[in-house]
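1. Build me a model:
(one chain, ligands or ions: 1)
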Amino acid sequence: MALRLHARRNLPLRDEPLELVELPSKPLAPNEIRVRVHAIGVNPVDWKMRRGGPLRFAYRFVGPRGPLVVGVDFAGEVTELGSEVTTLEKGTRVVGGTNFSRKQHGSYADEVIVRPDQCAILPDGVTYERAACLPVPGVTAWTALTKLSRVSSTPGAKVLVLGASGGVGLATLRLAKMFGAQAFGVCSARNIAVVEAHGATAIDYGKGDSLEASALRPTTNTKASRGSPSRSWWR
Ligand SMILES: NC(=O)c1ccc[n+]([C@@H]2O[C@H](COP(=O)([O-])OP(=O)(O)OC[C@H]3O[C@@H](n4cnc5c(N)ncnc54)[C@H](OP(=O)(O)O)[C@@H]3O)[C@@H](O)[C@H]2O)c1
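-> Residues are numbered from 1 along each chain as shown. The predicted structure follows:
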């Protein structure tokens, strides 16, 4: 069966528009599953991959052959299982992300082929559209709090999240709360209610120095940078 995919030619010109192409359906390896995509998430990594730079460079070496199919995040329904897969069933609703270093095409497609460890089972009541927004921003937030800052293992940690009302920022606030940290979220005046609804003390970036306002001081030399919440943490 042919897939219809939004994809790019192998070596496109910079910022060439996406185009719709058909690719042949690939057979599954024993440890893979096929997922019919119902919704995708669109993230900065998608346009960064289209534009070039280190990610694109890496893709050329380790990515799959054929057209570059962009996109990472997806939510959908399992339609086929490789012979070794025992943890999922046909029809299971899942959310996850593709991985080009495993020779997988991206998620802007009718279907994706991934491994079960790249998916989480979607609880009833969570729509595909909502779920598809989560994987990349969620993993980014998780990495910032667990690996880069170790907020997750620091009792009484205080976290200052820049860009708190954005995709990564809201996920960071939720996780920080789950880890028992006290979260401060920097956002615009129009998003104060959103940030506070996620359990943080909101700081309006239009009202002067956000660090001053939070009454915190960095314990590392890490610099705060606008729109990069994963690089900014305080204890
Ligand atoms: N999304 C991802 O999957 C992902 C993954 C890895 C890294 N990143 C990086 O993380 C950063 C945020 O990405 P995102 O997807 O969360 O972006 P986003 O959803 O567009 O959110 C942007 C955030 O920046 C805030 N902001 C805008 N102007 C500002 C200003 N002048 N001063 C302070 N804050 C300002 C916005 O606040 P208001 O809306 O309230 O103005 C909003 O909270 C980007 O640098 C992105 O490249 C993103």
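
2. going forward, measure contacts and count neighbours with C-alpha atoms only.
-> Noted.

3. which is the next helix or strand following the helix or strand bottoming out on mean pLDDT in the chain?
-> Least confident helix or strand of the chain, by mean pLDDT, DSSP states H and E, is strand 2-7 with a mean of 53. Next helix or strand after strand 2-7 toward the C-terminus (DSSP states H and E): strand 19-24.

4. The residue nearest to residue 82 when sequence neighbours are not counted: what's it in contact with?
-> Leaving aside its chain neighbours, residue 82 sits nearest to residue 30 (4.2 Å; criterion: CA to CA, 6 or more residues apart in numbering). Going by CA atoms under 8 Å, 6 or more residues apart in numbering, residue 30 touches 81-85.

5. The spatially most central residue of the chain: what secondary structure?
-> When CA atoms, centre = their mean is applied to the chain, the residue found nearest the centroid is residue 136 (0.8 Å). State at residue 136, reduced to three classes by DSSP: H, G, I helix; E, B strand; the rest coil: helix.

6. Looks like it contacts residue 99 (just checking).
-> No - using CA atoms under 8 Å, residue 136 is not in contact with residue 99, being 11.2 Å away.

7. Name the residues contacting each of those two.
-> Common neighbours of residue 136 and residue 99, using CA under 8 Å, 6+ apart, are residue 72.

8. ok so, going back, give me the distance between the residue nearest to the centre of the chain and residue 202.
-> To residue 202, residue 136 is 24 Å away according to CA to CA, to the nearest Å.

9. Residue 34: helix or strand, and which one exactly?
-> Using DSSP H and E, residue 34 sits in strand 33-40.

10. Now do the same contact list for residue 72.
-> Contacts of residue 72 by CA under 8 Å, 6+ apart are 40-42, 46, 97-99, 106-108, 136.

11. cool, residue 59 as well?
-> Residue 59 makes contact with 100-101, according to CA under 8 Å, 6+ apart.

12. redo that, cut-off 10 Å
-> Shown in contact with residue 59 (CA atoms under 10 Å, 6 or more residues apart in numbering): 49, 52, 65, 68, 100-101, 103.

13. Let me know the helix or strand that it is in.
-> Assigned by DSSP H and E, residue 59 belongs to helix 53-62.

14. Next secondary structure element downstream of that helix?
-> Sequence order places strand 73-81 as the next helix or strand after helix 53-62, per DSSP H and E.

15. domain assignment for the chain?
-> 2-131, 135-231 (automatic domain parsing).

16. what separates residue 171 from residue 200, distance-wise?
-> To residue 200, residue 171 is 12 Å away according to CA to CA.
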